[in-house]
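> Next come a sequence and a model predicted from it.
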Amino acid sequence: MALDQSFVGRTYPPTDPYEVGREKIREFAEAVGDAHPAYTDPDAAKALGHPDVIAPPTFVFSITFKAAGQVVQDPQLGLDYSRVVHGDQKFAYRRPVRAGDRLTVTSTIEAVKSMAGNDILDIRGEVHDEAGEHVVTAWTKLVARAAEPAEAVAQADGKA
Amino acid sequence: MTAKIAYDDVEVGTELPAQSFPVNRATLVQYAGASGDFNPIHWNEKFAKEVGLPDVIAHGMFTMAEAIRVVTDWTGDPGALVDYGVRFTKPVVVPNDDRGAVIEVTGKVGAKLDDNTVRVDLTVTSAGLKVLGMSRAVVRLA
């Protein structure tokens, strides 16, 4: 089913703040096996000019993707999430995310396309701190794969 | 921002130190917990095969997290990263054996840009297949 083009440009309300904690950053850095001291040692982070430990570059995805959930699960949009795969991911950083940040995400649908039966959705997540300053923007491309041929036939039969 | 690499010391074609990142089932369970992505294709072999995958696959965001370490280890300051984008082209298949899989990452300077920034082009493979496409980072050097 093709998605509704009228959703292009739709912006969703900002999320409630996500408070970034030192131990959550440590947990993430350990999970990706990255021992860079700026992720766990405040003094090492300060030596690089950061006020507190910083998060690895992709840490913020957990926050922006959760925010994108309100788009993905919008019943009016009608995306079949069971068929969704992650196509592209991009980040533009004003500064690194750091411990103590209280981050809100504002999600916007940038594009809705259908190609070869696949539904393609581009979502932009603007991340701001408590002072309203921009921290990072995340672009996520989601692809809902076309239904299997057997299912497509079944659906066509159902409509006939 | 305190990158330890100077803009004037690099040129187009400068190679970054390559790295290999092992990943096994335990790695994926740990990443699922830390990231909050509990999609069963990343830990449940039966489910992965039912949806047409050859086996359990790594989170795309895990691979993206590993690939950028070639850049952040090179500059010394992860905060020097300006832009980072990838396309997920092939899954990293992680078998349930003693070895798991390995993500191989190489990078080289693709362009020198304004404001002491350079574009690094990354090549990311696993089992000989390119798993990320259009994998590029822009980083600010000293």
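That came through, no problem.
> need the contact list for the residue nearest in space to the middle of chain A.
Among the residues of chain A, the one closest to the centroid is A:Phe65, at 3.0 Å (C-alpha atoms, centre = their mean). The contact partners of A:Phe65, taken as C-beta atoms under 8 Å, 6 or more residues apart in numbering or on different chains, are A:140, B:37. C-betas here are computed from N, CA, C, even on glycine.
> roughly how far apart are it and A:Glu133?
22 Å (C-beta to C-beta, to the nearest Å).
> what do you get for A:Lys46?
Taking C-beta to C-beta, one finds A:Lys46 at 20 Å from A:Glu133.
> Comparing these two, which residue is more hemmed in?
A:Lys46 (13 against 9; other C-beta atoms under 10 Å in any protein chain shown).
> Confirm the more buried one sits in a helix?
Yes. Looking at A:Lys46 with DSSP: H, G, I helix; E, B strand; the rest coil, it is inside a helix.
> Report pLDDT for it.
pLDDT, A:Lys46: 97.
> now A:Gln5
85.
> and the closest residue to A:Ala31 other than its chain neighbours, what does it touch?
In space, and not counting its chain neighbours, A:Ala31 is closest to B:Ala34: 3.5 Å by C-beta to C-beta, 6 or more residues apart in numbering or on different chains. Residues in contact with B:Ala34 (C-beta under 8 Å, 6+ apart) are A:27-28, A:30-32.
> now these in a markdown table, with pLDDT, secondary structure and neighbour count?
Below are the contacts of B:Ala34 laid out as a markdown table (pLDDT from 0 to 100; DSSP: H, G, I helix; E, B strand; the rest coil; neighbours: other C-beta atoms under 10 Å in any protein chain shown):
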| residue | pLDDT | secondary structure | neighbour count |
| --- | --- | --- | --- |
| A:Glu27 | 98 | helix | 14 |
| A:Phe28 | 98 | helix | 22 |
| A:Glu30 | 98 | helix | 15 |
| A:Ala31 | 98 | helix | 20 |
| A:Val32 | 98 | coil | 25 |
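> Need the residues you listed in CSV (columns: distance to A:His128).
Formatted as CSV, the entries for these read as follows, by distance: C-beta to C-beta, whole Å:
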residue, distance to A:His128
A:Glu27, 24
A:Phe28, 21
A:Glu30, 28
A:Ala31, 26
A:Val32, 25
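> So which of these is the closest to A:Pro75?
Nearest to A:Pro75 among the contacts of B:Ala34, counting by C-beta to C-beta, is A:Phe28 at 31.7 Å.
> Quick check: the residue nearest to A:Ala31 is in a strand.
No. Assignment of B:Ala34 by three-state DSSP gives helix, placing it outside any strand.
> End to end on stretch A:130-139, go ahead and measure it.
Length of stretch A:130-139, first residue to last, C-alpha to C-alpha, to the nearest Å: 21 Å.
> before we move on, the earlier item: what's the residue nearest to the centre of chain A sitting at in phi/psi?
phi -70, psi -40 (degrees, to the nearest 10).
> One more: A:Tyr39?
phi -90, psi -20.
> Now do the helices in chain A.
Along chain A, the segments classed as helices by DSSP state H run A:22-31, A:42-47, A:61-72, A:149-159.
> Chain B contacts on chain A?
A:27-28, A:30-34, A:36, A:38-39, A:47-50, A:54, A:56-58, A:61-62, A:65-66, A:85-93, A:95-96, A:139 (C-beta under 8 Å from any C-beta of the partner chain).
> related to what we said a few turns ago, out of the helices of chain A, which gets nearest to B:Leu132?
If we rank the helices of chain A by C-beta to C-beta, the stretch that ends up nearest is helix A:61-72, at 14.7 Å.
> Quick check: closest non-adjacent residue to B:Thr106.
B:Ala18 (4.4 Å).
> Whichever strand or helix holds the one you found pairs with which strands, and in what direction?
Using DSSP states H and E, B:Ala18 sits in strand B:15-23. Here strand B:15-23 has these sheet partners by DSSP bridges: strand B:101-112 (antiparallel).
> Scan chain A for its longest strand.
strand A:102-115 (DSSP state E).
> what sits opposite the residue lying closest to A:Ala2 once chain neighbours are set aside in the beta ladder?
Nearest non-adjacent residue to A:Ala2, counting by C-beta to C-beta, 6+ apart: A:Ser114, 4.5 Å away. In this entry, A:Ser114 is beta-bridged to A:Asp119, by DSSP bridges.
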